[in-house]
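**Q** No letters, just coordinates:
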């Protein structure tokens, strides 16, 4: 049986990405591999085993293109409104909090935010399917 262990994204400015993921998602490096041409930094926190792998290709000048295939990474928090307010207070620009409902039943409460490279992150409130 396969187990998902990480998702990899390429980043242009490693320091800016490390700051963003630490401040916004409370993810810090759990493992780092540095090579002459690139670095791999694995981020996680104590909430789960999955990691985001940041790949930084040293010397790259132009930003990465996401094409039309990338969607988003999703995380869950206990209180979306509180986290949203904290991020605004910290100077970030999350999009508005939204809700999905079916027959007036709440399915999901969430907002999106983008990292320094434009990767979308969905922040969902812990509820129903999203635990």
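**A** Here it is on my side, so go on. This structure is a prediction, so every number in the text was calculated from the model and none was measured.
**Q** gap between stretch 118-130 and the chain center?
**A** Taking Cα atoms, centre = their mean, to the nearest Å, one finds stretch 118-130 lying 9 Å from the centre of the chain it belongs to.
**Q** Can you measure across that stretch, start residue to end residue?
**A** This stretch, stretch 118-130, spans 24 Å end to end (Cα to Cα, to the nearest Å).
**Q** Show me which positions of that stretch end up buried.
**A** Buried residues in stretch 118-130, counted by 16 or more other Cβ atoms under 10 Å: 119, 121-125, 130. Where you see a C-beta, it was placed from the backbone N, CA and C, and this is true even at glycine.
**Q** pLDDT weak spots in this structure?
**A** Where the chain drops to pLDDT under 70, the residues are 2.
**Q** ranges for the strands of it?
**A** Remark: strands assigned in the chain by DSSP state E are 6-11, 28-34, 38-44, 51-57, 73-77, 98-102, 105-114, 120-125.
**Q** helices or strands up against the longest helix along the chain?
**A** In the chain, assigned by DSSP state H, the helix with the most residues is helix 14-25. In terms of contacts (3 or more Cβ pairs under 8 Å, 6 or more residues apart in numbering; DSSP states H and E), helix 14-25 is packed against strand 28-34, strand 38-44, strand 51-57.
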